[in-house]
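Colleague: Dropping a prediction and its sequence here:
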Amino acid sequence: MNAAEAKAAGLENNAFSLATAIGSEGHCEPASRICRDGHHLGTMFSWDGREWIVVDLENKKFLGTYDRLAVVTLNPDDDESQADRGLNQSSLGCDLECPSGEWVIDADEIEQLQEIYGDNLIVLWEQA
């Protein structure tokens, strides 16, 4: 999904923000975006034109650099703890105020998370 498709789908939160940070709508690079909600200070994602530099603002901790990111959510079901089966542990940042929650992850982890969650894992945006 590109930024225009994300906006048309109403994804004006983390998925849209990260998509625009990498210049898919002609925005200037480099760019930074902060992913947060009312419960977290957040995580800063800075795109330098080649990779993401990720800093956990909540814990004042450098998390590393990543080639590609993705934003995922979970289909709602009766199991409120389903994110604890691996998604929370893989998450670089999250926004739990979105309808079903959104998590920003290293795109290389999608396949492993799909094995755990199956159809419950929805990829909202994946960097090409």
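Modeller: Cool, the structure landed.
Colleague: For burial, what's the neighbour tally of T43?
Modeller: Neighbour count for T43, taken as other CB atoms under 10 Å: 24. In this view, the C-beta of every residue, glycine as well, is placed from N, C-alpha and C.
Colleague: What distance do you get for D95 to L18?
Modeller: 11 Å (CB to CB, to the nearest Å).
Colleague: out of the two, which sits in the busier spot?
Modeller: In this view D95 and L18 are compared by other CB under 10 Å, and L18 has more residues nearby, 26 against 23.
Colleague: Tell me the secondary structure of the more buried one, please.
Modeller: Under DSSP: H, G, I helix; E, B strand; the rest coil, L18 falls in the helix class.
Colleague: where do the strands sit along this protein?
Modeller: Using DSSP state E, the strands of the chain run over 31-37, 40-47, 52-56, 61-66, 69-74, 93-95, 102-106, 121-126.
Colleague: how about stretch 112-120: buried residues?
Modeller: Within stretch 112-120, the residues that count as buried by 16 or more other CB atoms under 10 Å are L113, Y117, N120.
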